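K.L.:
sharing a sequence plus its predicted fold:
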Amino acid sequence: ADAPAHIRRLGALLEEGDRDGLVSLFLSRFVRTSSDEIDAMKESPAWSDRLEVAHSIPREMHAQASQYCFDPERFRTLTIPILLLVGDDSDDDLKAGAEALHDVLPNSRLRGLPGQKHAAMETSPQLFLDEVLGFLKGSAEGETEHGALSGEAS
């Protein structure tokens, strides 16, 4: 897919006032969210919030395409507890990005969410909530293990 053309299409959708189309295209093309996941997201009360801030997507995508270069080493000094969640069914490049961050974050936990892609908070909210609350509880108790992927206990 030609990313610059898709970025231009995002801007055109914004100019047309089609925020729903803009967010849907962004999710499908850039995040690779399935149509079923997008439909589930549209049923969520948070969808209207996504539409409200849709105007920022084209600008951020232009900035990222022209300026941002991911450097995992920049994050090595973050020592606060960090939870990285990735759907086990996510695309390999999304998993690789999470793993790259996990490799340099000294106090991170990387958890795989079984049967999920990018939108587990919408498609499996209880699983998502269980992971987040478990992480927060562990952090409050001083747990500092460098956790594992694929739902393995850390």
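P.N.:
Done, it's in. Computed from a prediction, not measured in an experiment: that's the story for all the values here.

K.L.:
what's the residue nearest to R50 when sequence neighbours are not counted in contact with, if anything?
P.N.:
What sits nearest to R50 in space, not counting adjacent residues and going by CB to CB, 6 or more residues apart in numbering, is V23, at 5.2 Å. Where C-beta positions appear, they are placed from N, C-alpha and C, glycine not excepted. Counting by CB atoms under 8 Å, 6 or more residues apart in numbering, V23 touches R50, L51, A54, I57.

K.L.:
state the helix or strand in which the third one lies.
P.N.:
Assignment of secondary structure by DSSP states H and E places A54 within no helix or strand.

K.L.:
quick check on D93: phi, psi?
P.N.:
The phi/psi pair for D93 (degrees, to the nearest 10) reads phi -70, psi -30.

K.L.:
which parts of stretch 13-26 are buried?
P.N.:
Buried residues in stretch 13-26, counted by 16 or more other CB atoms under 10 Å: L13, L14, R19, G21, L22, V23, S24, L25, F26.

K.L.:
on that earlier part again, quick one: which of the contacts of V23 is nearest S139?
P.N.:
R50 (28.0 Å; CB to CB).

K.L.:
could you report the distance from the closest one to E15?
P.N.:
18 Å (CB to CB, to the nearest Å).

K.L.:
again with I82
P.N.:
For I82, the distance to E15 - CB to CB - is 38 Å.
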